[in-house]
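Q: Dropping the sequence and predicted coords here.
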Amino acid sequence: MSTSEAADTAAPEETPLQLEVTYQSPEACLREVLVTIPRGEIERYLKKAYDDLVPEAQVPGFRAGRAPRKLVEKQFKERVVEQVKGALVMDSLSRVTETQPFSAISEPNFDFNAVVLPDEGDFVFQFSVEVRPEFPTPQWKGLRLTRPVEETSAEDVDEAIRRVLARYGEVDAVDGPAAKDDQLLLSAVFEADGRVLSELEEMQTPLTDRLSFSDGVCANFGEVLTGATEGETRQAKVLISANADDEDFRGKEVDAVFRVIEVQRQLLPKLTPSLLQELGDFDSEEELREFIQQSLQRQVEYRQQQAVRQAVVELLAGSANFELPPDLVRRQTARELQRKVLELRRNGFSEDDIRKIVNASRQNAQASTELSLREHFILEQIAEELKIDADPADYDAELELIARQSDEPVRRVRARLEKSGQMDALRNQIIERKVLEVIVAEAQITDSPVEKKEADSAEFAVYHSVLGTKDAPAIPQAMHDDAPGDQSKTDQAR
């Protein structure tokens, strides 16, 4: 147990708040914190609150600000006590965060409504908070790293444009059998031992080799559905993830019954001036190609950064071995998925590709989240020691990139991220990128060309839980109903 007595915190008129803090460590990344505030400090906060209220208080029978103080205190006691309780709690939490020898990675966990400000005696409340693990900073200078090098060709841009046009082409229903690259409108029922686990009434999907869900994969989807016609039913198997919420189904197969509502074939449209405007106010095909080229290049840079990041963490993790409790990993999964989505959108990946990555992450949630947390903790600790932080210009640059990808105003993107609590995730991305740049600058780098291979277009991803469990965490939408167009530029730049 550790004790910090008479800690200062920002109180009314900048007068230090006297308090005592003790904490325990029931787990490696958890602190149970007990805060005690003396009675004298409670009275001082109450006096200040009433001093501010009395000159403006409206009490029946008296002009505003003219009621006797004792009458004001009696009439407004409940409101003022609640106000003071909030001020004491917030001031205490702020100072605990600043002064204690641990770094919080989540908001304090406690029931504010259950906390009571006593009429007599000290004010005591308790909370728990997840914290960063403690470990010695590994030696990061002079690492030997291999950096993959990719080239983006004109053919890559042509293929990306073809995928863009496919979303805007005319779709005709066909009577014949489904063939590769056709679109299928399907319904699906997922069963096990004669029991229905979940259903999908309508699902639009291309006829690709694999179909992934949030908790499983239909590996032979293309084989099973090829040749199917309207109204026909085909049966397949879905392999459930080894990390599915329902332990009874982990690693097992369940039945999938797909019914073909319609087979659709698409005719690609021409890049007319009106379509260029619809795609994102492009004035010419050259401007569209340049935009897609930049998006593809950001994807290349992202893959390069991820490869270097993984190599750095693998080298550093050996001397920064620390425990991550399973409960912490599970609770942080939602935040890590949202952070990953934000980073992928920033780097120009399409929503189709993002769904694939998110589904793969969900199916391997524990390992994926644990790896991300280890990376984050190591890089964050180096950032603190190097005093690396995000400044307003960094935020502006990131928001501008996201806004360009989604064809939205920067202010709308900022407001959405602030409302969804993702500005912290954006800050983490900025800081981690800066730390990696410092590490790479000090490293011995060997560039390794990446062999060109076919794009991974053989899988289509759907956000749906086959087992019927709640499909959480929710992934923030790329666009809003009032945003222009029906696809974001993120979608266009696959």
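A: In hand now; what should we look at? Computed from a predicted structure; not experimentally measured.
Q: what's in contact with whichever strand or helix holds Asp327?
A: Using DSSP states H and E, Asp327 sits in helix 326-346. Helix 326-346 has contacts (CB atoms under 8 Å, 6 or more residues apart in numbering) with 27, 29-30, 105-106, 130, 298, 302, 353-354, 357-358, 361-362, 365-366, 368-370, 372-373, 398, 401-402, 405-406, 417, 420, 422, 425-426, 428-429, 472-473, 475-476, 478, 490. C-beta coordinates here come from the backbone N, C-alpha and C atoms, glycine included.
Q: try stretch 166-179
A: 182-184, 207, 225-230, 260, 262-269, 275, 278-279, 487, 491.
Q: For that stretch, list every residue counted as buried.
A: Across stretch 166-179, burial judged by 16 or more other CB atoms under 10 Å covers 166-168, 174, 178.
Q: Just those residues: which are in strands?
A: Val174 (DSSP state E).
Q: In space, what's closest to Glu32 - neighbours in sequence excluded?
A: Distances taken as CB to CB, 6 or more residues apart in numbering place Gln24 nearest to Glu32, at 4.7 Å, with adjacent residues excluded.
Q: pretty sure the one you found contacts Arg31?
A: Yes: Gln24 is within contact range of Arg31, at 7.2 Å (criterion: CB atoms under 8 Å).
Q: more crowded one of those two?
A: Neighbours were counted for Gln24 and for Arg31 using other CB atoms under 10 Å; Arg31 has more, 21 against 12.
Q: Please name the nearest non-neighbouring residue to the more buried one.
A: That would be Tyr23: by CB to CB, 6+ apart, it lies 4.9 Å from Arg31.
Q: surely the one you found meets Val35?
A: No: with contact defined as CB under 8 Å, Tyr23 and Val35 do not form a contacting pair (9.5 Å).
Q: about what we covered before: state the pair within the buried residues of stretch 166-179 that is farthest apart.
A: Distances among the buried residues of stretch 166-179 were taken as CB to CB; the most separated pair is Tyr168 and Ala178, at 21.5 Å.
Q: Quick check: nearest residue in space to Gln294, chain neighbours excluded?
A: Gly348 (7.5 Å).
Q: For the one you found, which three-state class applies?
A: Under DSSP: H, G, I helix; E, B strand; the rest coil, Gly348 falls in the coil class.
Q: Now do it: how many residues are near it, please.
A: 26.
Q: is it true that it touches Arg298?
A: Yes: at 4.3 Å, Gly348 counts as touching Arg298 under the criterion of CB under 8 Å.
Q: where do the strands sit along the stretch 351-494 of the chain?
A: Counting by DSSP state E, counting those that start in this stretch, the stretch 351-494 of the chain has strands at residues 444-449, 459-461.
Q: Could you do the stretch 201-350 of the chain as well?
A: So, for the stretch 201-350 of the chain - with DSSP E, counting those that start in this stretch - the strands run 210-213, 216-218, 233-240, 253-267.
Q: Columns distance to Val341 on top of those, output as JSON lines?
A: Formatted as JSON lines, the strands of the stretch 201-350 of the chain follow (distance: least, CB to CB, whole Å):
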{"stretch": "strand 210-213", "distance to Val341": "16"}
{"stretch": "strand 216-218", "distance to Val341": "20"}
{"stretch": "strand 233-240", "distance to Val341": "23"}
{"stretch": "strand 253-267", "distance to Val341": "26"}
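Q: Of all the residues in stretch 407-418, which ones are buried?
A: Quick answer for stretch 407-418 (16+ other CB under 10 Å): 407-408, 413-414, 416-417.
Q: tell me the centre residue of this protein?
A: Gln338 (1.3 Å; CA atoms, centre = their mean).
Q: what about it, distance to Leu344?
A: 11 Å (CB to CB, to the nearest Å).
Q: go on, Arg162?
A: Taken as CB to CB, the span from Arg162 to Leu344 is 21 Å.
Q: One more: Arg414?
A: For Arg414 relative to Leu344 (CB to CB), the value is 19 Å.
Q: again, but for Ala415
A: On the measure of CB to CB, Ala415 and Leu344 end up 21 Å apart.
Q: got it, and Leu399?
A: Leu399 is 16 Å from Leu344, by CB to CB.
Q: so which helix or strand takes in Glu130?
A: strand 123-130.
Q: ok so, going back, tell me which of Arg162 and Leu344 has more neighbours.
A: Neighbour comparison, Arg162 and Leu344: the larger count goes to Leu344, with 19 against 12 (by other CB under 10 Å).
Q: tell me the contacts of Thr137?
A: Residues near Thr137 by CB under 8 Å, 6+ apart: 320, 381-382, 385.
Q: go with 6 Å
A: Gln381 (CB atoms under 6 Å, 6 or more residues apart in numbering).
Q: Residue ranges in this structure under the pLDDT threshold?
A: Within the chain, the stretches with pLDDT under 70 are 1-14, 452-457, 470-494.
Q: name the helices or strands packed onto the helix ranked longest in it?
A: Ranked by residue count, the top helix of the chain under DSSP state H comes out as helix 285-317. On a contact count with 3 or more CB pairs under 6 Å, 6 or more residues apart in numbering; DSSP states H and E, helix 285-317 meets strand 144-149, helix 154-166.
Q: buried ones in that helix?
A: Per 16+ other CB under 10 Å, helix 285-317 contains these buried residues: 288-289, 291-300, 302, 304-305, 307-309, 311-313, 315-317.
Q: mind exporting the strand or helix carrying Lys70 as CSV, just the C-alpha atoms?
A: Using DSSP H and E, Lys70 sits within helix 69-75. Taking Å, rounded to 0.1, in the frame of the first residue of the first chain, the C-alpha atoms of helix 69-75 are listed here in CSV:
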residue,chain,number,x,y,z
ARG,A,69,-28.1,33.5,4.2
LYS,A,70,-29.6,30.8,6.6
LEU,A,71,-32.8,30.7,4.6
VAL,A,72,-30.8,30.3,1.4
GLU,A,73,-28.7,27.6,2.9
LYS,A,74,-31.9,25.7,4.0
GLN,A,75,-33.7,26.1,0.7
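Q: How far off centre is the next helix or strand after it?
A: On the C-terminal side of helix 69-75, the closest following helix or strand by DSSP H and E is helix 77-99. In terms of CA atoms, centre = their mean, to the nearest Å, the centre of helix 77-99 is found 30 Å from the chain centre.
Q: Measure how helix 77-99 sits relative to strand 123-130, angle-wise.
A: 50 degrees (axes from the mean of the first three to the mean of the last three CA atoms, to 10 degrees).
Q: List the buried residues in the helix holding Asp327.
A: Per 16+ other CB under 10 Å, helix 326-346 contains these buried residues: 328-329, 332-333, 335-346.
Q: okay, that helix in PDB with CA atoms only?
A: Extracted in PDB, the C-alpha atoms of helix 326-346 (Å, rounded to 0.1, in the frame of the first residue of the first chain):
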ATOM      1  CA  PRO A 326      -7.300 -11.100 -19.300                       C
ATOM      2  CA  ASP A 327     -10.100  -8.900 -17.900                       C
ATOM      3  CA  LEU A 328      -8.100  -5.800 -18.900                       C
ATOM      4  CA  VAL A 329      -7.600  -7.200 -22.400                       C
ATOM      5  CA  ARG A 330     -11.300  -8.000 -22.700                       C
ATOM      6  CA  ARG A 331     -12.400  -4.500 -21.600                       C
ATOM      7  CA  GLN A 332     -10.000  -2.800 -23.900                       C
ATOM      8  CA  THR A 333     -11.000  -4.700 -27.000                       C
ATOM      9  CA  ALA A 334     -13.700  -2.200 -28.000                       C
ATOM     10  CA  ARG A 335     -11.300   0.700 -27.700                       C
ATOM     11  CA  GLU A 336      -8.600  -1.100 -29.700                       C
ATOM     12  CA  LEU A 337     -11.000  -1.900 -32.500                       C
ATOM     13  CA  GLN A 338     -12.300   1.700 -32.700                       C
ATOM     14  CA  ARG A 339      -8.700   2.900 -32.700                       C
ATOM     15  CA  LYS A 340      -7.800   0.500 -35.500                       C
ATOM     16  CA  VAL A 341     -10.800   1.600 -37.600                       C
ATOM     17  CA  LEU A 342      -9.900   5.200 -37.200                       C
ATOM     18  CA  GLU A 343      -6.300   4.500 -38.200                       C
ATOM     19  CA  LEU A 344      -7.400   2.500 -41.200                       C
ATOM     20  CA  ARG A 345      -9.700   5.200 -42.400                       C
ATOM     21  CA  ARG A 346      -7.000   7.800 -42.000                       C
END
